[in-house]
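> I'd like to go over a predicted model; first the sequence, then the structure.
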Amino acid sequence: MKPDLFEAPDYYLLDDLFTEEHKLVRDAARSWVKRSVSPIIEDYAQRAEFPTEIIAGLAEIGAFGPYIPMEYGGAGLDQISYGLIMQEIERGDSGVRSTASVQSSLVMYPIFAYGTEEQKQKYLPKLATGELMGCFGLTEPDHGSNPGGMVTNFKDKGDHFLLNGAKLWISNAPFADIAVVWAKNEEGRIHGLIVERGMEGFTTPETHNKWSLRASATGELIFDNVRVPKENLLPGKSGLGAPLGCLDSARYGIAWGAIGAAMDCYDTALRYAKERVQFDKPIAATQLQQKKLAEMVTEITKAQLLAYRLGQLKNEGRATTAQISMAKRNNVEMALKIAREARQVLGGMGITGEYPIMRHMMNLESVVTYEGTHDIHLLITGMDITGISAFK
Ligand code: TGC
Ligand code: FAD
């Protein structure tokens, strides 16, 4: 792959709004991505392998639990810093951001928000350093957009719970040490359980043949009469709202992350257009290519402002699920459209691994689907503004 010459667009001078801490955190993540992700990611993606060698670096830049308090090993940062870290990591690769999102918002967050003090002490510091890696099991083969219909279940056997069922499409599953698993009890109420690798009857087969998120490991979680100790139940919250509450945090991170992927595509296309000569002039001198580039930077700027305002609301504890849905949906679609346009600016070179655009484009096909599909987020907005659920 070409050397990483990335320069971030900041058309509306958003840097003026960030604190010194925001900029320090972002710049540290940006340098780390240039140094440790860009040189290797294309090769890992081509081989469809997760680069475990970057786990320690992710922990060092605060990507595991950015907003989890320092007493539990987190970085104790605000929500805008969290967003900026996700933006920079996804600038490198959506699959790497997936690993960080899952670890922070779908594993550390539920343990922090719904776990006992013992669970927090036992797991959070090790998750923050990457000594333990986690995954989040909500989706099932027959229950994707409708997780409330899940059939994975556990029965109270006196001194332990007996867990049965299967989860599909689980990021980090093939190598995770622990899984936060959502399952129904005998009354049909959803609870979170911490399942550890090595428990008898628990297996995590890898999902192969993906054209998207190839540098992220995806797999199944299979529970065949797994005996889960009772102290592994997350007691703080039950019902579908418990896993959906974690999704709010992860979807917020994706709203920022997608901007990173879009920025990388735009920056690559802009540089290429200025250098590539056809008909005796740079293609950047043609009106059609300028239109593409001008629209890209406009959409990135709008997405940045949306994410920034959402970050302010999140810092104040005022961001609603529907506001987060709107940002996730808008920003991922924005990034996907930019990736497709940027790919065209590069002509044939755009389809090669010499440039990151095709990898971003393929990755974003997963990002637009996971954490609630594009359509589901539209319906969440629809439900919010009309007061009527289209799901029932
Ligand atoms: P509904 O009746 O609307 O809600 C059930 C209960 O949950 C409450 N609730 C929330 N609570 C907290 N946060 C939220 N975001 C919440 N949304 C809803 C709600 O108030 C209600 O509470 P209560 O007390 O009244 O029971 O539920 P529904 O069954 O109609 O479904 C609504 C719908 C479709 C919006 C929801 O199921 C949904 O969001 N579906 C999409 C599923 C999804 O996003 N799955 C993601 C799986 S994880 C993943 O993709 C990780 S990718 C990781 C990576 O690599 O980055
Ligand atoms: P379906 O729910 O079957 O949807 C198919 C289509 O129907 C979609 O276009 C959808 O928008 C549409 N649709 C569904 N319902 C409606 C409706 N009511 N009205 C209109 N249209 C509708 N899950 C986890 O739990 N943990 C993970 O770590 C995780 N990682 C993932 C990683 C990858 C690479 C991928 C691809 C997925 C991952 N997922 C994970 C699963 C992801 O959240 C689901 O794929 C997603 O929620 C959609 O579910 P589904 O694939 O079953 O699609």
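Looks like it arrived, so ask away. Ligands and ions are numbered 1, 2, ... in the order given.
> ok, and the closest non-adjacent residue to the residue of the stretch 1-150 of the chain found nearest ligand 2?
Proximity of the stretch 1-150 of the chain to ligand 2 (Cβ to the nearest ligand atom) peaks at Gly144, 1.8 Å away. The way it works is simple: take the backbone N, C-alpha and C, and place the C-beta from them, glycine included. In space, and not counting its chain neighbours, Gly144 is closest to Trp169: 7.6 Å by Cβ to Cβ, 6 or more residues apart in numbering.
> OK, contacts around the one you found?
By Cβ atoms under 8 Å, 6 or more residues apart in numbering, Trp169 lies in contact with 139, 144, 207, 218, 370.
> of those, buried ones?
Among the contacts of Trp169, the ones that count as buried by 16 or more other Cβ atoms under 10 Å are 139, 144, 218, 370.
> count of neighbours near Asp159?
Around Asp159 there are 8 other residues, counting by other Cβ atoms under 10 Å.
> which residues touch it?
Asp159 makes contact with Lys230, according to Cβ under 8 Å, 6+ apart.
> distance of it relative to Glu117?
22 Å (Cβ to Cβ, to the nearest Å).
> same question, Arg340
Using Cβ to Cβ, Arg340 is found at 48 Å from Glu117.
> who has more neighbours, the two?
Using other Cβ under 10 Å, the more surrounded residue of Arg340 and Glu117 is Arg340, with 14 against 7.
> right, and the more buried one touches Met361 too?
Yes. Counting by Cβ atoms under 8 Å, Arg340 touches Met361, with 6.1 Å between them.
> quick check: closest non-adjacent residue to Gly95.
Gly95 sits nearest to Ser216 (Cβ to Cβ, 6+ apart), 3.2 Å away.
> and that neighbour, which of the three is it?
Here Ser216 takes the coil state, with states given by DSSP: H, G, I helix; E, B strand; the rest coil.
> next: Leu162.
Looking at Leu162 with three-state DSSP, the answer is strand.
> quick one: contacts for it?
Listed by Cβ under 8 Å, 6+ apart, the contact set of Leu162 reads 154-155, 225-228.
> got the residues of the stretch 51-200 of the chain near ligand 1?
98, 101-102, 136, 138-139, 145-148, 171 (Cβ under 6 Å from any ligand atom).
> take those and keep only those in strands.
Judged by DSSP state E, strands contain the following of those: 136, 171.
> most widely separated two among the residues of the stretch 51-200 of the chain next to ligand 1?
For these, the farthest-apart pair by Cβ to Cβ is Ser98 and Gly148; their separation is 23.6 Å.
> quick one, which of these two is more surrounded?
Taking other Cβ under 10 Å, Ser98 and Gly148 do not tie; Ser98 has more neighbours (30 against 13).
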